[in-house]
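Asks: After the sequence you'll find the predicted model.
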Amino acid sequence: SRCCCCLLARVGGSSCTHQLASITAVVTMAVAESTIRKMTRLAKEHGAINLSQGFPNEAPPESVRLALAYSVLTGQLPPSGGVTRENILEALDESSSSSSDVTNQYSPPCGRRDVQEAVAAYYRRLYSYDGADPNHTTLTLGATEAVGSALRTIGKPGDKVVILEPFHELYPNQCKIFYLEPTYVTLREVDDGSGGEWKYNAAEFRQALSESKILLLNSPHNPTGKVFSLEELEEIVSWC
């Protein structure tokens with residue numbers, strides 16, 4: 001709020017405040033309440049079983065919680081060998097006479113370098129993705145910020161965005177926030193005798209891409225779970 005107030009003061013004061021309020025009202029009317037959050041709210045209100053939202057069955061590993069507590073309480077990075085409860089008490093005694101604080105500060109916009117390196121190493125190890133490079137890794141607070149940042153960077157008001165349906169509710173709402181126009185390509189379940197598979201119509205997909213600026217594509221697809229084959233991805237890339 002501080003930065004917003006400073007900006008308004010610089011560019012015109014109260015008149016800009018009214019303009020910002022009008023824009024906010026228009027966007028708010030266009031974006032509906034999250035269906036997932038709505039169902040969670042209603043489930044709590046009526047004491048119903050909530051099947052709309054996933055919840056972890058276990059707490060985070062103790063090693064992760066201890067590392068987090070260590071950094072928050074001491075302002076230092078956790079030791080590479082792991083953190084114990086005794087480590088935290090010892091570090092608290094040592095940090096009481098120190099003014100250094102390396103964790104509770106603004107991070108670089110693309111993320112801390114050590115975390116970028118860890119994420120790139122994770123992708124190389126888990127997915128055998130040789131292209132994972134810390135210099136090409138941007139950290140965000142979940143998929144919502146990632147999608148929003150990408151749409152805002154690539155698109156401009158009026159641009160079309162191809163979304164595969166069925167789709168996660170996040171995608172069209174994000175488009176509306178940035179005045180982008182969603183256009184949909186339908187995945188259809190085809191039963192070939194081996195349990196069924198989700199397929200797209202090539203002509204429909206190609207036509208939609210020819211009129212659009214952005215394609216939102218994730219594999220595995222959400223919510224069908226479809227994993228796009230290498231051949232499918234190469235075909236989609238050629239259309240783009």
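Replies: Good, I have the coordinates.

Asks: Can you name the helix or strand that residue 183 falls in?
Replies: Here residue 183, judged by DSSP states H and E, is contained in strand 181-190.

Asks: in that strand, what counts as buried?
Replies: 181, 182, 183, 184, 185, 187 (16 or more other C-beta atoms under 10 Å). Every C-beta, even on glycine, is put in place using the N, C-alpha and C of the backbone.

Asks: For it, name the packing helices and strands.
Replies: Other helices and strands packing on strand 181-190, by 3 or more C-beta pairs under 8 Å, 6 or more residues apart in numbering; DSSP states H and E, are strand 160-165, helix 170-177, strand 197-200, helix 202-210.

Asks: Pull the residues that contact it.
Replies: If you take C-beta atoms under 8 Å, 6 or more residues apart in numbering as the criterion, strand 181-190 is touched by 158-167, 171-172, 175-176, 196-201, 204-205, 208, 211-212, 221, 224, 226.

Asks: List the pairing partners of it within its sheet, with orientation.
Replies: Applying DSSP bridges, strand 181-190 is found paired with strand 160-165 (parallel), strand 197-200 (antiparallel).

Asks: looking at the ones you listed, which is buried most?
Replies: strand 160-165 (a mean of 20; mean count of other C-beta atoms under 10 Å).

Asks: quick one: residue 215 and residue 155 touch, right?
Replies: No. Checked against C-beta atoms under 8 Å, the pair residue 215 and residue 155 is beyond contact range at 11.3 Å.

Asks: and the most centrally placed residue in the chain, what helix or strand is that in?
Replies: Centroid-nearest residue in the chain: residue 143, 1.2 Å away (criterion: C-alpha atoms, centre = their mean). Per DSSP H and E: residue 143 is located in helix 142-154.

Asks: thinking again about what came up before, of the strands paired with strand 181-190, which shows the lowest average pLDDT?
Replies: Least confidently modelled of the strands paired with strand 181-190 is strand 197-200, at a mean of 94 by mean pLDDT.

Asks: who touches that strand?
Replies: Residues outside strand 197-200 that contact it (C-beta under 8 Å, 6+ apart): 164, 185, 186, 187, 188, 189, 190, 221, 224, 226.

Asks: Quick check: nearest residue in space to the last one, chain neighbours excluded?
Replies: When you say that, I think you mean residue 226. Spatial nearest neighbour of residue 226, excluding adjacent residues (C-beta to C-beta, 6 or more residues apart in numbering): residue 198 at 4.2 Å.

Asks: Alright, that wraps it up for me.
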